[in-house]
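Just to be clear, the model below is a prediction. Sequence and coordinates:
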Amino acid sequence: MYILLALIAACSLGVALHFLLPTRDLRGVAVTPAIATAAAAAIYTILQWCGVVASDPLLWVASIGGGLALAAAATVLLTTRRTRGDAREKRTLGI
């Protein structure tokens, strides 16, 4: 059940991350929090399978921090690709 605390924290901080990163008008408001939550869940689960207990701060820092780091990287990558794709499409259409 502790995983829910990590996921809620990752999702909440993912919302804040969405508003802190530039060009937020090019992506949906749920993209960054969803990536942060999914990554935190995967990291938390993998660490639990490796034997890290819930009382270990490493589990919390790695799952929440790693989830946010992956979400930030994925969000920047997505918006960069979107910007380039939009520019290419504008050139194609002659706009």
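Yep, it's here.

Which elements pack onto the helix or strand hosting residue 42?
Per DSSP states H and E: residue 42 is located in helix 31-49. Judged by 3 or more CB pairs under 8 Å, 6 or more residues apart in numbering; DSSP states H and E, the packing partners of helix 31-49 are helix 2-20, helix 57-60, helix 66-93. C-beta here means a position set from N, CA and C on the backbone, and glycine is covered the same way.

can you list the residues that contact stretch 38-47?
With CB atoms under 8 Å, 6 or more residues apart in numbering as the test, stretch 38-47 has contacts from 3, 6-7, 9-10, 58-59, 62-64, 66-68, 70-71.

mind running it again at 10 Å?
For stretch 38-47, contacts defined as CB atoms under 10 Å, 6 or more residues apart in numbering pick out 2-11, 13-14, 52-54, 56, 58-60, 62-71, 73-74.

so what's the closest residue to residue 66 other than its chain neighbours scoring on pLDDT?
Distances taken as CB to CB, 6 or more residues apart in numbering put residue 43 closest to residue 66, at 4.7 Å, once the chain neighbours are dropped. On the pLDDT scale, residue 43 is placed at 97.
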